[in-house]
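Engineer: Give me the fold of what follows.
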Amino acid sequence: MSSEPHAPGETLIASVQRALRLVDVVANSSRPVTAKTLAHASGLTLGTTYNLVRTLIREGYLATEPDGLVLGSRIPGLRDRDDSGVFLARVRESLHEVADGLGATAYLSRYADGEVHLIDIVDAKSSPRVELWVGLHSSAHATALGKQILAELSPDERRDYLSRHPLDELTPHTIRDRRLLLEQLERAGPVVLDREEYAIGYMCLAVPVQTPVVTASLAVSIPAHAEGIDTDALALRLRRIANRLSMRLAADRFGQFAR
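Structural biologist: From the prediction side, this is the model:
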């Protein structure tokens, strides 16, 4: 927050300043922020923080998630950076839409600085998440989350990425042949799947989330041998949510509020 001196005679409301300080901390965080972390980062007491947070939640400027606080629906955007709390708030909204509406645990990954990063996960009550025993930065070749992003890169970017990352065998189904993987990525359509390539017993579907400044992937995991699941219908619904997320992120980037 700004520490510039105010003009003589100007009245400043300390409680408003403190509330804005909390919003600023959340907006600058790439992950949900707990109340204790928020109090420490803002320099406020925990009691004061709780009181302000309750008000900010009620007014829609903050929202609660199981693992912390994110920006609420009243915040269209505080900064021009797309990796701010605004980005996370949009992502969490869409992940909840997937988990609640599709009944499958939802994941979002993103390509940044030459690496594939897992951004967030929202669990579906009826479908537990895949145990992420190997980080996405080392397993993009074996996950739909990673392969969807690799498929969206330029051929040069894709080859550069694969030249820096070994194709470790995570299951007997993992593709370890670099040429075979490149051929698969070049043929990839609007939906990418991995069938037990990362974890036995699970398959993953991923679709792209793209704006002029964001290359990301929205995915769900489901049991590999579950009966009665129409993967085509599931992929279609997932693409619709991903398209809405792409439009919201693009609108936020250009200072518009897309609901």
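
Engineer: Check the burial of residue 125 by counting its neighbours.
Structural biologist: Residues contacting residue 125 under the criterion other CB atoms under 10 Å number 9. Just so you know, the C-beta spots here come from the backbone N, C-alpha and C atoms, and that holds for glycine as well.

Engineer: Backbone dihedrals for it, please?
Structural biologist: Main-chain dihedrals, residue 125, degrees, to the nearest 10: phi -60, psi -40.

Engineer: quick one: residue 153 from residue 185, how far?
Structural biologist: Per CB to CB, to the nearest Å, residue 153 is found 8 Å from residue 185.

Engineer: Strands along the stretch 51-200 of the chain, start to end?
Structural biologist: For the stretch 51-200 of the chain, the strands defined by DSSP state E, counting those that start in this stretch occupy 62-65, 68-71, 105-112, 115-122, 192-195.

Engineer: Adding distance to residue 246 and mean pLDDT, write the ones you listed out as a markdown table.
Structural biologist: Formatted as a markdown table, those follow (distance: least, CB to CB, whole Å; pLDDT from 0 to 100):
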| stretch | distance to residue 246 | mean pLDDT |
| --- | --- | --- |
| strand 62-65 | 21 | 83 |
| strand 68-71 | 19 | 83 |
| strand 105-112 | 12 | 93 |
| strand 115-122 | 14 | 90 |
| strand 192-195 | 16 | 94 |
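
Engineer: Quick one: closest of these to residue 135.
Structural biologist: Nearest to residue 135, of all those, is strand 115-122, at 7.4 Å by CB to CB.

Engineer: ok, the closest one: who's next to it in the sheet?
Structural biologist: Strand 115-122 pairs in its sheet with strand 105-112 (antiparallel), by DSSP bridges.

Engineer: So for residue 153 and residue 185, which sits in the more crowded spot?
Structural biologist: Each of residue 153 and residue 185 has its neighbours counted (other CB under 10 Å); residue 185 has more, 21 against 18.

Engineer: okay but the more buried one is in contact with residue 152, surely?
Structural biologist: No - here residue 185 does not reach residue 152: they are 9.2 Å apart, not a contact under CB atoms under 8 Å.

Engineer: Redo the strands of the stretch 51-200 of the chain as a markdown table? Include mean neighbour count and distance to residue 41.
Structural biologist: Below are the strands of the stretch 51-200 of the chain laid out as a markdown table (neighbours: other CB atoms under 10 Å; distance: least, CB to CB, whole Å):
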| stretch | mean neighbour count | distance to residue 41 |
| --- | --- | --- |
| strand 62-65 | 19 | 14 |
| strand 68-71 | 23 | 11 |
| strand 105-112 | 23 | 23 |
| strand 115-122 | 20 | 20 |
| strand 192-195 | 21 | 38 |
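
Engineer: Which one, of the ones you listed, ends up nearest to residue 205?
Structural biologist: Using CB to CB, the strands of the stretch 51-200 of the chain put strand 192-195 closest to residue 205, at 5.5 Å.

Engineer: ok, and what's touching the next helix or strand after the closest one?
Structural biologist: Downstream of strand 192-195, the next assigned helix or strand under DSSP states H and E is strand 202-211. Strand 202-211 has contacts (CB atoms under 8 Å, 6 or more residues apart in numbering) with 82, 107-108, 130, 143-145, 147-149, 152, 190-196, 198, 215-224, 231, 234-235, 238-239, 242, 245-246, 249-250, 253.

Engineer: Sitting in helices, which of these do you find?
Structural biologist: 144-145, 147-149, 152, 231, 234-235, 238-239, 242, 245-246, 249-250, 253 (DSSP state H).

Engineer: Need the buried ones from those selected in ChimeraX.
Structural biologist: Filtering those down to the buried ones (16 or more other CB atoms under 10 Å) takes a single ChimeraX command:
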select :144,145,147,148,149,152,234,235,238,239,242,245,246,249,250,253
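
Engineer: you'd agree residue 48 is in a helix?
Structural biologist: Yes - Residue 48 forms part of a helix when assessed by DSSP: H, G, I helix; E, B strand; the rest coil.

Engineer: Offset the numbering so it begins at 891, please.
Structural biologist: Sure, I'll start counting at 891 from here, so that last one is residue 938.
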